[in-house]
Structures are given as C-alpha cells and as structure tokens.
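Enquirer: please find the sequence and the predicted model below.
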2 protein chains.
Amino acid sequence: MSDTISVLGGTGALGRALALRLARAGHPVVVGSRDVTRAEATAEELRDILRAVGVEARVDGAANVEAAAAGDVVLLATPWDETGDSIAALADACAGRLVVSCINPLGFDKQGPHGLQVADGSAAEQAARLLPASTVTAAFHHLSAPSLANLDKDLSGEDVLVCGDDAAARARVIALAEAVTGRPGVDVGALRQARVLEPFTAVLIAVNKKYKTRAGVLLTHVVP
Amino acid sequence: MSDTISVLGGTGALGRALALRLARAGHPVVVGSRDVTRAEATAEELRDILRAVGVEARVDGAANVEAAAAGDVVLLATPWDETGDSIAALADACAGRLVVSCINPLGFDKQGPHGLQVADGSAAEQAARLLPASTVTAAFHHLSAPSLANLDKDLSGEDVLVCGDDAAARARVIALAEAVTGRPGVDVGALRQARVLEPFTAVLIAVNKKYKTRAGVLLTHVVP
C-alpha cells in the first residue's frame, strides 16, 4: 500500500501542485486547509484534473488537524508562521508521522526577495521543536508551483534537496521526490541544512524575475 | 586590454585554480599570498602548466597588498577571517577596484559541514564594510577546485552565481565567470544573497561526501 500523504496548506499554489503530482503517482492524498470547505473544493478539483487524464485518484479534503491525523506522511506547505502557533496545534495529530517541511520563510523589500531571520535557524527546525513526537525532514523548497501544476511538464531534470537528522526518513522523502518529479531526491544531510535550502528559494525568485523564467536547481555530477 | 586579475589567497586550492583558468583565458593574473615566495612559486607553476598546453600566460606573484594594488579586479579567495583584520589591511590597495569575494565561512562538526554565523550576514558583506572605497561583489563559491584545476574538465554545464549591489559590477563578474567556465555567470541580485551562496557550499560538500563526487550547481530553465 502506498503511503497516504497529507498536504497541509494544500489549497496554496505549492501544496495544491504537490498534492496533484503525488495523487497522480498513486498516493492517496488528503488536502488540508484551515477552511475545510476550501480543502474539499480543492480535492474535488484535483480529482477532476486527474480524471481528465485518465487517473482515478483518491484525494480527500479536511481541516489541517484532521488531514494530518489521516496521513502516514505530512507535508507542511503552509505559510511561514513566526509564532509557530499553527504548527504547535498539529503536534498531537502529527505524532508518529513523517513530517516534511516545505516552508520558505521569505521576505521582500526594495532589494528583492530574501530569507527571513528565524529564531530556530529554519522553519524546519522550528517544526522539529514544536512536533517532538514526529520525525521532521525538509524538502520541496525549490520546485516551481506553476511548473508542478502543469502535468505535461517534465521535472525530471531538477533536483529536490532533502535534509533531516534521520537517515531512514530522508530515504522515504527521497522516494517521495521521485513520485513528484520522476527523479529521486538528493540527500543533503542534517536538518539544519534547511537554513540554506529555505533562503535559496529567494535566489531562485530573484533569478525568475531577472530572467523571466521558472528556475529550478540541479546539482551537477550527482547521480541520485 | 584584458583586465588584470589579482587573486588573493592564490596559493590555496580554489584561488590557484581560478588564477589558472583566468590566465588561460588571456587575463594577466597576479597571484597574491601572505608569503611572497609562495606566491612567486605558484605563479611560476601556473606559467609552466599553461606553457605545456601552448599558452604563454602573464602570471606574476606578489604579497597580497601589492597584488591587490596591481589588479583591476581583486578576487578574495582567502580563508574566512572572522576578525576581518586581513581584509581591512587591504582597504587602500583595493580602493577603486572591483572586488569579488569567493570566501566561504564554513564549519565542520559531527553533523557535517555548515555555514558559520557571520556578524555582517556574510563574508561578502563584511568585505563591503571593510573595503568602503571598493565595489564588492561575490561569486565563484560553488566551483570544485580540483575540477577547475583540471584544464581538460568542461565546466560550461555549471553556473557561477553572482551577487552585488552594483549592476555594472555584476555584469563584469558575469563575464569573468565565462572566462573561467565557458558559461556566463547568473545574476542573482543584491550582495546580501551571499548569505545564501556562501553556506550553500556546505550543502555541496555534504553531497560530495555522500555521493563521492564533485557537485556543482546548475539553475535550470535559465539562459545566462
């Protein structure tokens, strides 16, 4: 049986697109949102999109806490929350689960996009502190949501960089990355590498603006 | 006339290899070191290597301050200096020059390589503060020194990410990157992006160890 994947913040651009790709790959998916009505509407949209390409996918919608409890793996595609309250509220529901933080704490000002200062070092480390009964990893920071949402787009030429302090958890996320892009994720080591992965998204956004593109990351000379 | 490039820390692995590639591309190069004898010895080695491949290169050696003063462009390939004393000592020699910080402030512990906390945000921003009469940019953090040193190695499939607060300066460094790798650098915006570029090297080093390779970075869907 494929792992059930809960995508919290699954009505946002990145979460929705990850949910779509994971469901296409055969994973049962639960779209989580603060608003259960929006979650259910998004789930229905995703089922319709996949049905149109011949895939009968199992995609449900739920409020974030119920979505988290329903998953084997919980993707945090929620907006950055400096207080951490919205993450702490998930602690019980996420207990015993593999959590993947996709959160990018970014700011924008006259000089362009930039990583925000995070007291814990990174959003992923904040999640690890607030979800002590979960195994927390981080990944999927650098994929373009519009490219993911376009199922015709081949993303197997881009890397998903995966970090976490538990090697078995990293291996599971590396396989999930392959379900999303067709290319296994790259193991970049300890969870604190999220301090670099998260703000690197600001580099990509600056490049997207300058070169009018949707840049991704590829590590050269690595066979994942 | 090609710009003269001074490579401070030019006897280290990265500096030496950048000097070699820049000299091959036709730039007069001055290798700088704290120890003028080592600088001159390295310059002679580089001339010999290039002569063996049919290139009569102009490579000289000098103490760092004299090397800086001799260049149109000054590459800082020196070790990270938290005190900044070694950078501040170059302020007069670097006045009016384009400075490119290649400095990676990295630490290593049980969890692997990681970016160090830097009071100014990044080594590049420290250099900008300490070299007020220079235009400071940052680049060349992610190229593998052994790959650069191997002149047979085609590096045109890797990106050099270039940041700085002056657009004309970034454009000059983008062209220098092309002299080094055969591929123009990618403009990633403001100097503070160095806060991400520098510790991203720790990600590459972790990947090199895990996958037994010499990884580089390519931004996909960008035509530099």
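Expert: Right, received. Where do you want to start?
Enquirer: pLDDT on stretch A:8-17, on average?
Expert: Averaged over stretch A:8-17, pLDDT sits at 97.
Enquirer: spell out which parts of chain A neighbour chain B.
Expert: With Cβ under 8 Å from any Cβ of the partner chain as the criterion, chain A meets chain B at residues A:111-115, A:157-158, A:161, A:165, A:186-190, A:192-193, A:195-197, A:199-200, A:202-204, A:206-207, A:210-211, A:213-224. Just so you know, the C-beta spots here come from the backbone N, C-alpha and C atoms, and that holds for glycine as well.
Enquirer: quick one: low-confidence ranges for chain A?
Expert: The model of chain A has pLDDT under 70 over residues A:1.
Enquirer: now residue A:172: which helix or strand?
Expert: Assigned by DSSP states H and E, residue A:172 falls within helix A:167-181.
Enquirer: okay, buried residues for that helix please.
Expert: By neighbour count on 16 or more other Cβ atoms under 10 Å in any protein chain shown, the buried set for helix A:167-181 is A:169-170, A:172-174, A:176-181.
Enquirer: which of the residues you listed sits closest to chain B?
Expert: residue A:170 (10.1 Å; Cβ to the nearest Cβ).
Enquirer: list the contacts of the closest residue to the closest one other than its chain neighbours.
Expert: Spatially, and ignoring its direct neighbours in sequence, residue A:170 is nearest to residue A:164 (4.8 Å; Cβ to Cβ, 6 or more residues apart in numbering or on different chains). Residue A:164 makes contacts with A:135-138, A:170, A:173, A:190-191, as judged by Cβ atoms under 8 Å, 6 or more residues apart in numbering or on different chains.
Enquirer: so which of these wins on neighbours?
Expert: Counting neighbours by other Cβ atoms under 10 Å in any protein chain shown, the top entry in those is residue A:138, with 31 neighbours.
Enquirer: hang on, that residue packs against residue A:101?
Expert: Yes - under the criterion of Cβ atoms under 8 Å, residue A:138 makes contact with residue A:101 at 4.4 Å.
Enquirer: quick check: neighbours shared by these two?
Expert: What both residue A:138 and residue A:101 touch, as defined by Cβ under 8 Å, 6+ apart, is the set A:123-124, A:194.
Enquirer: could you give the separation of stretch A:77-90 from the chain centroid?
Expert: 14 Å (Cα atoms, centre = their mean, to the nearest Å).
Enquirer: list the buried residues for it?
Expert: Buried-residue list, stretch A:77-90, by 16+ other Cβ under 10 Å: A:77-78, A:80-81, A:84, A:86-87, A:90.
Enquirer: same deal with stretch A:197-216?
Expert: A:197-208, A:210-211, A:213-216.
Enquirer: quick one: the helices in chain A?
Expert: A:13-24, A:36-52, A:64-70, A:85-88, A:91-94, A:123-130, A:145-149, A:167-181, A:194-211 (DSSP state H).
Enquirer: how about residue A:39, what does it touch?
Expert: So residue A:39 contacts A:10-11, A:31-33, A:61-63, A:67 (Cβ under 8 Å, 6+ apart).
Enquirer: narrow these to just the buried residues.
Expert: A:10-11, A:31-33, A:61-63, A:67.
Enquirer: thought residue A:149 was touching residue A:18?
Expert: No - using Cβ under 8 Å as the test, residue A:149 is too far from residue A:18 to be in contact (9.5 Å).
Enquirer: settle it for me: which of the two has more neighbours?
Expert: residue A:18 (28 against 16).
Enquirer: chain B versus the more buried one, what's the distance?
Expert: The gap separating residue A:18 from chain B is 18 Å, by Cβ to the nearest Cβ, to the nearest Å.
Enquirer: tally of neighbours for the nearest residue to that residue once chain neighbours are set aside?
Expert: Excluding the flanking residues, the one nearest residue A:18 by Cβ to Cβ, 6+ apart is residue A:7, at 5.7 Å. Residue crowding around residue A:7 was assessed by other Cβ under 10 Å; the count is 37.
Enquirer: quick check: residue A:7 touching residue A:17?
Expert: No - judged on Cβ under 8 Å, residue A:7 makes no contact with residue A:17 at a distance of 9.5 Å.
Enquirer: hmm, residue A:182 is touching residue A:155, no?
Expert: Yes - in this structure, residue A:182 is within contact of residue A:155 by Cβ under 8 Å, at 6.5 Å.
Enquirer: who's more crowded, the two?
Expert: residue A:155 (20 against 14).
Enquirer: mind listing what the more buried one touches?
Expert: By Cβ under 8 Å, 6+ apart, the contact list for residue A:155 reads A:143, A:147-148, A:180-183, A:216.
Enquirer: nearest to chain B among those?
Expert: Nearest member of the contacts of residue A:155 to chain B, counting by Cβ to the nearest Cβ, is residue A:216, at 4.1 Å.
Enquirer: now that closest one, nearest residue through space, not along the chain?
Expert: Computed as Cβ to Cβ, 6+ apart, the closest residue to residue A:216 that is not its neighbour in sequence is residue A:158, at 3.6 Å.
Enquirer: gap between the residue lying closest to residue A:40 once chain neighbours are set aside and chain B?
Expert: Excluding the flanking residues, the one nearest residue A:40 by Cβ to Cβ, 6+ apart is residue A:61, at 3.6 Å. Per Cβ to the nearest Cβ, residue A:61 is found 32 Å from chain B.
Enquirer: do residue A:30 as well
Expert: Residue A:30 is 30 Å from chain B, by Cβ to the nearest Cβ.
Enquirer: distance check, that residue against residue A:89.
Expert: Here residue A:30 is placed at a distance of 17 Å from residue A:89 (Cβ to Cβ, to the nearest Å).
Enquirer: okay if I get the buried residues of helix A:167-181 as CSV plus distance to residue A:40?
Expert: Formatted as CSV, those follow (distance: Cβ to Cβ, whole Å):
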residue, distance to residue A:40
A:169, 30
A:170, 32
A:172, 28
A:173, 27
A:174, 31
A:176, 24
A:177, 27
A:178, 29
A:179, 23
A:180, 23
A:181, 27
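Enquirer: residue A:99 reaches residue A:137, doesn't it?
Expert: Yes - in this structure, residue A:99 is within contact of residue A:137 by Cβ under 8 Å, at 7.0 Å.
Enquirer: contacting residues for the residue of chain A most remote from its centre?
Expert: Residue farthest from the centre of chain A, counting by Cα atoms, centre = their mean, is residue A:110 at 27.8 Å. Contacts for residue A:110 were tallied using Cβ under 8 Å, 6+ apart; there are none.
Enquirer: swap in residue A:43?
Expert: By Cβ under 8 Å, 6+ apart, the contact set of residue A:43 is A:29-31, A:59-61.
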